[in-house]
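Engineer: this is a predicted model, with the sequence first.
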Amino acid sequence: MRKAIIKETFRTKIDPLKSVEDLTIKVTEIREHVSEIIFGQQDVIDLIIVTLLSGGHTLLVGLPGLAKTRLVRSLGTVMGLSRKRIQFTPDLMPTDIIGTEILEEIENGKRAFRFIEGPVFAQFLLADEINRASPRTQSALLQAMQERRVTVAGSSYDLPEPFHVLATQNPIEQEGTYPLPEAQLDRFLMQVDIGYPGKDAEKEMLLATTGLEDKQVKQIISSKELINAQNLIRSIPVGEQVIEAILKLVRNSRPDSSDLKSVKEGLLWGAGPRASQSLMISARARAILYGRLSPSIDDVLALAMPVLKHRMNLTFSSRAEGITIENIVKEIKKLIE
């Protein structure tokens, strides 16, 4: 489907500059509309919109009751995406996510297996408290995120396009949880930390959500337009200085290639090549979000923390000394600031 849309775009000979300008107008409208629904979380909204425009998945880390479900519902409606929610629990099985085959009777008394789709067959999936599921169940979602298809009884089934996962974790309650494996963490384009809204935002939320009328969410673009936007963003040129900044950031997050003592001694491993790809694509998307036609080093710096932090791991001694990933990323950013 994606290839067909790209071919159609080239056949129609659309002016790339005008297409980018039109996209910035649409994205600005999306940003402003969602901000009227979700209060006090502008940075979170911006990062999730950037992830969607980049075609990636988001890991959202925050306490319960911070409007994560409402955010998914609002963004799904605004972008014309079908959406579903899975509440992850220790007894959740892979078939509860991807679906299963049932034996049913067909014509002439014969029997055949029929595949029943699971909730993963949605364009925008909320995986709530993903670290409460067993590794076996987590791996089923990993295949869907990586390959955008699932395999049941030897048969593969393509997921709808576009396909995005927004997974949540509670940063405090760790009892009875299964930490996500590094391979799955790397599949998330960003880790976004969500905190409590400020006083003014919380007051605005109280007034808006406890009355008789609730703000209605409207659709602004379709899922096909989102795919076109994702393809267009990949075609935006990136300057040599921005590319060098990305490489310097990512390579300095690795103990074997970093110039920083804190990285060499404090990390078990750093970000891989997928981090460079994620920064490249998301920097383009962020430029569009803020009405610019090409990304800058400021975009790379703004995205360094959410793109890198879940791809790095501290040594035991660093944890004991109270060193955090955030501190190390800030030190790496100073190399290009």
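Structural biologist: Sure thing, it's come through. All values derive from a computational prediction rather than experimental measurement.
Engineer: what about Glu107, neighbour count?
Structural biologist: Neighbour count for Glu107, taken as other Cβ atoms under 10 Å: 6. Any C-beta I mention is one placed from the backbone N, CA and C, and that applies to glycine too.
Engineer: Val242 now?
Structural biologist: 22.
Engineer: list the buried ones in the helix or strand containing Lys224?
Structural biologist: According to DSSP states H and E, Lys224 maps onto helix 223-234. Residues of helix 223-234 classed as buried by neighbour count (16 or more other Cβ atoms under 10 Å): 223, 226-230, 232-233.
Engineer: now the strands for this structure?
Structural biologist: 58-61, 83-87, 99-105, 111-117, 124-128, 149-152, 155-158, 164-169, 190-193, 267-269, 313-314 (DSSP state E).
Engineer: tell me which other helices or strands the fifth one touches.
Structural biologist: Packed against strand 124-128 by the contact rule (3 or more Cβ pairs under 8 Å, 6 or more residues apart in numbering; DSSP states H and E) you find helix 68-78, strand 83-87, strand 164-169.
Engineer: for stretch 183-196, measure first residue to last.
Structural biologist: 30 Å (Cα to Cα, to the nearest Å).
Engineer: pull the distance from the longest helix belonging to the chain to the chain's centre.
Structural biologist: The single longest helix within the chain, with elements called by DSSP state H, is helix 16-35. The chain centre lies 19 Å from the centre of helix 16-35; the measure is Cα atoms, centre = their mean, to the nearest Å.
Engineer: compute the inter-axis angle for that helix and helix 223-234.
Structural biologist: 120 degrees (axes from the mean of the first three to the mean of the last three Cα atoms, to 10 degrees).
Engineer: go through helix 16-35 and flag the buried ones.
Structural biologist: 20, 23-24, 26-27, 30-31, 33-34.
Engineer: where is pLDDT lowest across the residues you listed?
Structural biologist: Lowest in pLDDT among these is Val20, which has 82.
Engineer: so who does the residue nearest to it when sequence neighbours are not counted touch?
Structural biologist: Leaving out its chain neighbours, the residue that sits closest to Val20 by Cβ to Cβ, 6 or more residues apart in numbering is Leu293, at 5.6 Å. Applying Cβ atoms under 8 Å, 6 or more residues apart in numbering to Leu293 gives the contacts 17, 20-21, 24, 236, 287.
Engineer: where does Leu293 fall, phi/psi-wise?
Structural biologist: phi -90, psi -10 (degrees, to the nearest 10).
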